[in-house]
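*Asks:* Here's my sequence, what's the structure:
(chains A and B)
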Amino acid sequence: MVAAQDGHGGAYRRLLAEMSEWLTRYFQRRLPPGEVDDAVQETLLAIHRRRHTYDPQYPLGPWLAAIAKNKWVDQLRSLARRSMDELPDEIAVGDHESAVISSSVLASLLEGLRPAQAQAILLVKVQGYSVEEASSQIGLSSSAVKMNIHRGLARLTAIIEKTTDVE
Amino acid sequence: MSNESLIAELSSGLAPVQRRNMLREGVLVIALSAVELALFLALGMMRPDMHHMGGSPFLIWRVGSLGFLAVTACVLAIRSYSPTARPRRGVILACALAIAAIAAGGLVAPEGVSGRTLLERIAPASGMLCAASIFVLSLPIMALLGALMRRAAPTQPRLSALASGIAAGTCGAFVFAFCCPFNDPLYIVVWYTVGCATVAAAARWRLPRRFRL
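*Replies:* Predicted coordinates:
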């Protein structure tokens, strides 16, 4: 901090990076997740604006903690001021859980195939391209694409049959 | 903006800063009070019998306690501008010292008060004028303390502002003590307290405004 007060940019950058990590941990225990980044940046700005108030005779920790505590209280006040509107029922959307799980399972299954087979299945069977469009994208003939799809699906079936729990 | 880009922005082109120095700030406040007192006396505001009252216990109590309170309150106010300071303790200490000074006033024999009623001793018309004078005299000190507070990093700005108000009020009262023609401790206690309390309330109301750490 003393070097930073003397205008040493490199030392200041390292110091702010270390402070940023400490502040992130500090605010993660005290604020909702959405407010942590704001609080960290507000505190870094306050430290920057008031860096001349640090007295090198005293340890840096209490100085930093006092500013962080002040910013924490500020953030809590601003949270209290913010209106908490209830979400209307119309804004509700369908459950994405099954789609997300399917996508994740498919991605892990495709990893068990050769890349050409996986790409052909992804383009034709998942994304809905025709065999001709897929062949022009991949750079293989239509018959090679069809062959990759056929062999890939057979391989996928074998993998699924071997797996005890595929959800 | 991510934390990394903010850090890069803050650390690029970093200029050296002059460290805050509490001693320098204290000297500045005392110097301003001294200049104000010198101007006040130069304008012929000193009470005419001041030289004859040199060893009077009443004068020693009035000027001595106000001077001591002013210096202590200024030190406590300046200390409260540090982020790690606890201004509540300073405000409590300043109030305790003020009460001790008032109590000491009870030991000072009042001059020429025999046979006067309480209302005559308090003299509200003159008292309000005294309180208003203290308020006006404390304004430059309050402005200076406000500027010092704004430049520093108090984490409890309202309490720091209150401490600044007490300090500015006692400085104003100290300067006015050289002019005030009343020799009754009761009068001094009542109206000087009103003057200082008004300054403290004004500072508490005004100084924290637009202050942001």
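*Asks:* Would you mind giving the domain segments of chain A?
*Replies:* A:2-81, A:109-162 (automatic domain parsing).
*Asks:* for the shortest one, how far is the first residue from the last?
*Replies:* Its start and end residues considered, domain A:109-162 measures 12 Å (CA to CA, to the nearest Å).
*Asks:* Which one of the domains of chain A lies nearest to chain B?
*Replies:* Comparison of the domains of chain A against chain B by CB to the nearest CB identifies domain A:2-81 as nearest, at 3.6 Å. The way it works is simple: take the backbone N, C-alpha and C, and place the C-beta from them, glycine included.
*Asks:* is that closest one up against chain B anywhere?
*Replies:* Yes. Residues of domain A:2-81 contacting chain B under CB under 8 Å from any CB of the partner chain: A:4-10, A:12-13, A:16-17, A:20, A:24, A:37, A:40-41, A:44-46, A:48-56, A:58, A:62-63, A:66-67, A:69-71, A:74.
*Asks:* circling back to that earlier point, mean pLDDT lowest for which of the domains of chain A?
*Replies:* Among the domains of chain A, domain A:109-162 has the lowest mean pLDDT, at a mean of 85.
*Asks:* Counting neighbours, what do you get for the nearest residue to residue A:43 once chain neighbours are set aside?
*Replies:* For residue A:43, ignoring the flanking residues on the chain, the nearest one in space by CB to CB, 6 or more residues apart in numbering or on different chains is residue A:71 at 4.5 Å. Applying other CB atoms under 10 Å in any protein chain shown, we find 26 residues neighbouring residue A:71.
*Asks:* Would you confirm that residue A:71 contacts residue A:44?
*Replies:* No. Counting by CB atoms under 8 Å, residue A:71 does not reach residue A:44; the two are 9.5 Å apart.
*Asks:* circling back to that earlier point, restricting to C-alpha, output the particular helix or strand that has the residue nearest to residue A:43 in it in PDB.
*Replies:* Taking DSSP states H and E as the definition, one finds residue A:71 inside helix A:60-81. Extracted C-alpha coordinates of helix A:60-81, given in PDB (Å, rounded to 0.1, in the frame of the first residue of the first chain):
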ATOM      1  CA  LEU A  60      -3.600  -2.600   6.600                       C
ATOM      2  CA  GLY A  61      -6.200  -5.200   7.700                       C
ATOM      3  CA  PRO A  62      -8.300  -3.100  10.000                       C
ATOM      4  CA  TRP A  63      -8.200  -0.200   7.600                       C
ATOM      5  CA  LEU A  64      -9.500  -2.400   4.800                       C
ATOM      6  CA  ALA A  65     -12.100  -4.200   7.100                       C
ATOM      7  CA  ALA A  66     -13.400  -0.800   8.300                       C
ATOM      8  CA  ILE A  67     -14.100   0.300   4.700                       C
ATOM      9  CA  ALA A  68     -15.500  -3.100   3.700                       C
ATOM     10  CA  LYS A  69     -17.900  -3.000   6.700                       C
ATOM     11  CA  ASN A  70     -19.000   0.500   5.700                       C
ATOM     12  CA  LYS A  71     -19.700  -0.600   2.200                       C
ATOM     13  CA  TRP A  72     -21.500  -3.700   3.500                       C
ATOM     14  CA  VAL A  73     -23.800  -1.500   5.500                       C
ATOM     15  CA  ASP A  74     -24.400   0.700   2.500                       C
ATOM     16  CA  GLN A  75     -25.300  -2.300   0.400                       C
ATOM     17  CA  LEU A  76     -27.700  -3.600   3.000                       C
ATOM     18  CA  ARG A  77     -29.400  -0.200   3.200                       C
ATOM     19  CA  SER A  78     -29.700  -0.100  -0.600                       C
ATOM     20  CA  LEU A  79     -31.200  -3.600  -0.500                       C
ATOM     21  CA  ALA A  80     -33.700  -2.500   2.100                       C
ATOM     22  CA  ARG A  81     -34.700   0.600   0.000                       C
END
